[in-house]
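>>> Structure for this input, please:
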Amino acid sequence: MDLPLVMSEQQRFTTELEVERFNKALQSKGKKTNNTLGKDEFLKLLVVQLENQDPTEPVDDKEFIAQLAQFSSLEQMTQMNTALMNMIANYKTDLSYSLLGKRVEVVDRTTGETAGGVVTEVSFNETEPVISFNGLSYGISDVAKVSLEE
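All right, here's what the predicted structure looks like:
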């Protein structure tokens, strides 16, 4: 896929204005801008490219199809990533509920010490399920050992 590496002065100016306008719109809505190109930005960039192309030298249909294929791949990867993250969250939730009434040992990340007890409660924070025993709470990822209550 050969994309033109040189833009005319008018194309560069128009593209810079479009990017600047887009960033200002984001900032006015309280969003921070970053240097990553997501699917929405990719599509907007593609539309700007089509709007500002030279009519005497339009974008090659093969290039356009390749760009659309890239967009489609990006969308599918985003959906797959979302589905995978949901599966991981569901697995952690199921795992935490299965620990109720079982003896666990956890490693405290701050001190490196091991603590143990019978899980009496499961709750949730922003990142992962939290198990509680002996009045203390630990993330599910802190669990080092599980055994039946003795």
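>>> helix/strand/coil for the nearest residue to Ser8 once chain neighbours are set aside?
Using C-beta to C-beta, 6 or more residues apart in numbering and skipping the chain neighbours, the partner closest in space to Ser8 is Asp54 (7.4 Å). Placement of C-beta: from N, CA and C, glycine included. For Asp54, the secondary structure call by DSSP: H, G, I helix; E, B strand; the rest coil comes out as coil.
>>> For burial, what's the neighbour tally of Val106?
By the other C-beta atoms under 10 Å criterion, the neighbourhood of Val106 contains 23 residues.
>>> so which helix or strand takes in it?
For Val106, the enclosing helix or strand under DSSP states H and E is strand 103-107.
>>> buried residues in that strand?
When neighbours are counted by 16 or more other C-beta atoms under 10 Å, the buried residues of strand 103-107 are found to be Arg103, Val104, Val106.
>>> ok, now how distant is the first one from Gly135?
The gap separating Arg103 from Gly135 is 16 Å, by C-beta to C-beta, to the nearest Å.
>>> Likewise for the last one?
Val106 sits 14 Å away from Gly135, taking C-beta to C-beta as the criterion.
>>> can you check Thr14 too?
Thr14 is 63 Å from Gly135, where distance means C-beta to C-beta.
>>> quick one: which of those two has more around it?
For Thr14 versus Gly135, neighbours defined as other C-beta under 10 Å are more numerous around Thr14 (15 against 7).
>>> what residues are up against the residue lying closest to the more buried one once chain neighbours are set aside?
Excluding the flanking residues, the one nearest Thr14 by C-beta to C-beta, 6+ apart is Asn52, at 5.1 Å. By C-beta atoms under 8 Å, 6 or more residues apart in numbering, the contact list for Asn52 reads Gln10, Gln11, Thr14, Thr15.
>>> one more time with 10 Å
Under the criterion of C-beta atoms under 10 Å, 6 or more residues apart in numbering, the contact partners of Asn52 comprise Met7, Ser8, Gln10, Gln11, Arg12, Phe13, Thr14, Thr15, Glu18.
>>> ok, now how distant is the second one from Ala83?
Separation of Ser8 from Ala83 (C-beta to C-beta): 43 Å.
>>> pretty sure Val146 is in a helix, no?
No - following the definition three-state DSSP, Val146 is strand and is not counted among the residues of a helix.
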